[in-house]
Each structure stands twice: as structure tokens, then as C-alpha cells.
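Chemist: Here's a sequence, model it:
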Amino acid sequence: MDTPVSLRARALRELLAAPGMAIAPGAYDAMGARLIEQAGFSVCYMTGAGTAAAHGYPDFGLLDMTEMVANAARMAAAISIPLVADADTGYGNELNVTRTVREYEARGVAGIHIEDQVAPKRCGHLDGKEVLPTAAFVSKISAAVQARRTREFFVIARTDARAVNGIDDAIARANAALAAGADMAFVEAAQSVEEVAAIPRRVQGPCLLNVVPNGKTPVIDLREAQAMGYKLAILPGLLLKAAVEAADAALAYVKANHLPPIPKMSPAQGFRRFGADEWEALRKRFDAGAPMSAGAASGDAPAPARQPAGTAAS
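Modeler: Below you'll find the model as predicted:
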């Protein structure tokens with residue numbers, strides 16, 4: 001019998017099997033996940049770096065599996081589109097990887113990526129990374145593939161070997177992981193446009209492109225990435241950087257003017273972006289208190305509708 005978990009994972013598989021390339025903006029909480037869905041994107045990405053930042057830490061591998069899974073669970077519950085999540089190194093050996101897969105899968109996540117860095121890992125666009133031997137990495141990917149409860153759950157193999165051993169070793173690792181059953185390869189931090197183009201040509205399976213402005217990899221037009229053959233592009237820091245810059249600007253405004261900046265939304269409009277209409281319907285059904293003010297309810301535009309799982313971004 002199909003479950004919500006398998007249906008979301010299946011929607012992800014169907015999306016990635018269709019012509020073209022899916023774009024997954026990154027979020028670090030349920031609010032960001034909802035904004036991504038409301039913007040019309042068909043898949044959301046949970047950034048590990050952003051999740052760490054939301055906990056007050058840099059992306060140095062300081063969060064554990066339970067913290068990452070808890071965040072993924074909140075995000076998956078807030079949206080109807082598939083969620084792909086960062087699962088770092090799998091948080092240990094093959095036994096830990098097995099539990100990691102099952103915990104993410106049980107929370108409604110459609111897919112995860114697991115990498116070959118030595119723990120504690122760090123952001124893929126920082127220097128000083130270390131990677132496991134290829135055999136150890138492939139064994140962890142094999143464990144991840146065998147651990148899933150439903151065959152739809154999507155396993156992405158990430159290698160950070162480009163920075164340590166060069167592009168040839170990174171591509172060899174990606175191909176070995178695909179041979180072990182991974183559904184997609186993620187060669188992290190290519191260092192030139194030529195390398196970016198070479199990866200989907202030389203990797204024997206679907207490829208993910210990580211888009212990190214000011215990182216190790218040159219940023220290219222996503223239409224060009226699609227033409228190169230990539231099937232999924234993630235933008236992990238998109239909303240994190242936007243939020244930091246907006247917060248800095250708002251704080252600077254208050255400090256300079258002794259007044260808050262005037263937002264575009266009223267409180268009621270803001271709440272409607274996050275499900276107020278659904279909760280108001282429940283309130284009315286059970287006569288559970290007064291609704292939002294009539295003026296706010298009648299004057300606010302309705303929140304953007306959720307997109308059905310698997311639909312393309314506009």
C-alpha cells in the first residue's frame with residue numbers, strides 16, 4: 001500500500017525522470033520550505049549548512065543525526081512537494097548509515113545525500129577536507145541503498161574527493177557509488193566550468209549540481225547546466241543568505257532611525273502564508289474561539305496555493 005512517504009519519494013523519482021532539470025532551492029526551516037513551495041518550485045532542499053546556522057553553528061559537522069532529522073521532519077510536514085535533505089556523512093559507519101536512512105525516510109523525506117568526507121565533515125566549499133578510502137565510501141552507499149524501507153526512497157552519493165585527489169578520482173568514486181545502487185551522483189565543488197561540463201559526460205548516471213555563489217564552483221546559468229545534462233540543481237544558501245542580508249538591513253534601519261521598517265504584509269497576511277485559513281476553518285467547525293478580525297480576513301489576499309507534488313516550477 002502506498003504511504004505518504006512513498007508517494008513523495010515516487011513524485012521525486014518521476015520529476016527527475018522527466019526531461020529537463022529540476023531546481024531545488026535550499027531552506028533551513030519549515031517557513032523557508034513553505035516559501036519555496038508557494039513560489040512554485042516542485043522540490044525543496046534542506047541545507048545542512050543552513051540547519052547548522054539556524055542552531056547557531058558553522059558548517060563544521062557539529063550537528064548530530066537527531067538534530068538534522070528533526071529539522072527535516074518539520075520541513076517535510078510543512079509542504080506537499082518532495083524534500084531532499086543533507087545527511088552529511090551518514091553519522092558513522094554502515095550501522096549508523098542504516099539508521100540514518102530509516103529515520104529520514106520515516107519522517108517523510110523523499111531522498112538524502114551521503115558523502116565521503118571524514119567526520120567531522122565541513123562545508124564542501126571550504127579548504128582542509130579529508131575523504132574516506134573509496135571502498136569505505138562505496139560500502140556506506142551500499143548500506144544506505146539496502147536500508148531503505150521503500151524502493152522509492154532516493155539515495156544520492158556525494159563525493160568531496162575533487163578537492164583532495166582531483167577530478168578523475170571524484171568521477172571514479174561517483175561511478176562506483178552508482179554501481180553500488182545510488183540513484184544519483186553529486187560531485188562536489190568542481191573548480192572550473194570545464195569540470196562542471198565534464199561531470200555529467202563522464203559520470204554514468206544522473207548528476208546533481210550544487211550552486212554556491214562565491215564558492216569553489218563557478219556559477220553558471222541553470223539553463224546551461226540543464227543543457228550539460230544535469231538532472232537536479234540545489235541552491236543550498238539561497239534563503240539563508242537572503243535572510244541574513246534582510247535581517248542586517250532591518251537591524252541597521254532600526255539602529256539608525258529608531259523606528260521599525262514598514263513591512264509589506266500585515267500580521268494577518270503573514271499568517272495566511274503559513275496556513276491560517278486552514279486553521280480558521282477548523283476553528284469555525286468546532287466553534288473554538290473568535291476568528292481573525294473581519295477586516296483583516298476580508299482585506300487580505302489569499303495565500304498562494306500549494307503545488308501538487310511533481311509539478312514543474314513556473
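Chemist: which ones are touching the residue nearest the centre of the chain?
Modeler: With distances taken as Cα atoms, centre = their mean, the residue of the chain nearest its centroid is Tyr45 (1.6 Å). The contact partners of Tyr45, taken as Cβ atoms under 8 Å, 6 or more residues apart in numbering, are Ala24, Pro25, Gly26, Ala27, Leu83, Val84, Ala85, Asp86, Ile234, Leu235, Pro236. C-beta here means a position set from N, CA and C on the backbone, and glycine is covered the same way.
Chemist: switch to 10 Å and redo it
Modeler: Tyr45 makes contacts with 23-28, 33, 36, 75, 82-86, 111, 113, 208, 210, 232-236, 238, as judged by Cβ atoms under 10 Å, 6 or more residues apart in numbering.
Chemist: and it, how far is that from Leu95?
Modeler: 27 Å (Cβ to Cβ, to the nearest Å).
Chemist: tally of neighbours for the closest residue to Ala189 other than its chain neighbours?
Modeler: Distances taken as Cβ to Cβ, 6 or more residues apart in numbering put Lys216 closest to Ala189, at 4.1 Å, once the chain neighbours are dropped. The number of residues packed near Lys216 is 18, by other Cβ atoms under 10 Å.
Chemist: Backbone dihedrals for Lys216, please?
Modeler: phi -80, psi -30 (degrees, to the nearest 10).
Chemist: Verify the stated contact: it with Ala190.
Modeler: Yes: the criterion here is Cβ atoms under 10 Å, and Lys216 meets it with Ala190 at 7.5 Å.
Chemist: any shared contact partners between the two?
Modeler: Joint contacts of Lys216 and Ala190 (Cβ under 10 Å, 6+ apart) are Arg162, Ala163, Asn210.
Chemist: Make JSON lines from those residues and add pLDDT to it.
Modeler: Shown next, in JSON lines, are these (pLDDT from 0 to 100):
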{"residue": "Arg162", "pLDDT": "96"}
{"residue": "Ala163", "pLDDT": "95"}
{"residue": "Asn210", "pLDDT": "97"}
